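1. Prediction below, plus the sequence it came from.
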Amino acid sequence: MKTKKINVALLKRVMRHIRQDKRRLVMRAYCEPDEWLEFRGHPCGTVACIAGWALILDRAKGSTHKEIQAARDHFISLTPAGLSRSDVLFKRAMKLLGLNTGQAKRLFVFRNWPSTLRIKPEDEDNVSQAIRRIKHFIETNGAE
């Protein structure tokens, strides 16, 4: 079986992007206009999880509000009848990041994170926690 190579460059881009504005990361949303979630997110109106930002940033190439909104709207429109958006986007993000199913579940699903990375100290925000998770995932080559 051929081993996939994890797209570390894109994961690092996701880390940089969510670090710039902590309101951008919502782990329960693949990629959504924030008004749907009643969040006041980034000024471009987009909130997303790790998988969602990987998809959006890869497609947008740039980081203008217009580019991000267009990429987000592209992925929102992809859901075929009878399928959930999360299933479609999970598979796309998994492929884009070069992950197998187990790795994708370990990275994208909070409850599957190592327990040491799931425990949130009082003074730590979700973005810091997600960045620690992504770094650990890269360091272990997706093994944990």
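-> The structure has been received and is ready for your questions. Computed from a predicted structure; not experimentally measured.

2. Kindly tell me how buried Gly52 is, as a neighbour count.
-> 29 (other C-beta atoms under 10 Å). To be clear about C-beta, it is placed using only N, CA and C from the backbone, and glycine gets the same treatment.

3. Wait, a strand at Phe137?
-> No: under DSSP: H, G, I helix; E, B strand; the rest coil, Phe137 falls outside any strand and is assigned helix.

4. show me what contacts it?
-> 11, 103, 106-107, 144 (C-beta atoms under 8 Å, 6 or more residues apart in numbering).

5. Could you do Ile131 as well?
-> 15, 18-19.

6. Can you classify it by secondary structure?
-> For Ile131, the assignment made with three-state DSSP gives helix.

7. same thing with Lys95?
-> Under the three-state scheme (three-state DSSP), Lys95 adopts helix.

8. again with the one 3 residues further on
-> Taking three-state DSSP as the rule, one finds Gly98 in the coil state.

9. Just give the nearest non-adjacent residue to it, would you?
-> What sits nearest to Gly98 in space, not counting adjacent residues and going by C-beta to C-beta, 6 or more residues apart in numbering, is Lys4, at 4.2 Å.

10. Just the pLDDT at the one you found, thanks.
-> Looking at Lys4, its pLDDT is 75.

11. Can you give me the neighbour number for it?
-> With other C-beta under 10 Å as criterion, Lys4 counts 14.

12. now swap in Lys12 and tell me
-> 13.

13. Now do the contacts for it.
-> Contact analysis of Lys12 by C-beta under 8 Å, 6+ apart lists Ile138.

14. helix or strand for it, which one?
-> helix 8-20 (DSSP states H and E).

15. Hmm, Thr116 and Gln129 touching each other?
-> No: Gln129 lies out of contact with Thr116 (C-beta atoms under 8 Å); the separation is 10.9 Å.

16. For this protein, which segments are assigned as strands?
-> Here the chain has its strands, by DSSP state E, at 31-33, 46-48.
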